[in-house]
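**Q** Here is my input, please return the structure:
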Amino acid sequence: MLLNQLRLMRISSTSWLRDDTCSLGAALVVALLCFCILPTSAQQSSSANSRQGRQLTLKKQLTVGLKAVTPGDKAFIDKVVIKVDEGKLPRSLVDSTFLWAREKADARSYARSLRPMVYFQPGLIARSKRLGIEL
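**A** Numbers count the residues shown, from 1 in each chain. Prediction:
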């Protein structure tokens, strides 16, 4: 009987050691996964700052993106920005026309480079006219 108790103590002590090792290993794996997957506060703040740093005003987006160089181009862009700020012209309409004009200028300029402004201005005037908005 004493021999059986000693054997049980030896078996239970080794299983305790194995259980501890397994739980320690599992805890390390979980900690490593959490460390690798979850962003740190430094990563979160830097990504928030980078998003803020990339934001452009509508005027800057249109001027640079449409390659507006003439005073007439810039005056039209100013008028568009004012209408959007007043809420009379939907920003989504301006953005979609902006993207369309850039794509069209890239597709059409085989031999020479055309400015997207050439397509943006008449395109936006026509689309806004359908909505009853005058530019």
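
**Q** what stretches of the chain score poorly on pLDDT?
**A** 1-54, 109-112 (pLDDT under 70).

**Q** Domain boundaries for it, per the record?
**A** 2-53, 56-130 (automatic domain parsing).

**Q** Is Leu62 inside a helix or a strand, and which specific one?
**A** Using DSSP states H and E, Leu62 maps to helix 58-65.

**Q** what packs against the helix or strand just after that helix?
**A** Downstream of helix 58-65, the first helix or strand assigned by DSSP H and E is helix 71-86. Counting contacts by 3 or more Cβ pairs under 8 Å, 6 or more residues apart in numbering; DSSP states H and E, helix 71-86 is packed against helix 58-65, helix 91-108, helix 117-130. C-beta: built from backbone N, CA, C; applies to glycine.

**Q** So which elements touch the last one?
**A** Here helix 117-130 is seen to pack against helix 71-86, helix 91-108 when contacts are counted using 3+ Cβ pairs under 8 Å, 6+ apart.

**Q** a markdown table please, covering the helices and strands packed on helix 71-86 and showing distance to Val84.
**A** Shown next, in a markdown table, are the helices and strands packed on helix 71-86 (distance: least, Cβ to Cβ, whole Å):
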| stretch | distance to Val84 |
| --- | --- |
| helix 58-65 | 6 |
| helix 91-108 | 5 |
| helix 117-130 | 11 |
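
**Q** I'm done for today, thanks for sticking with me.
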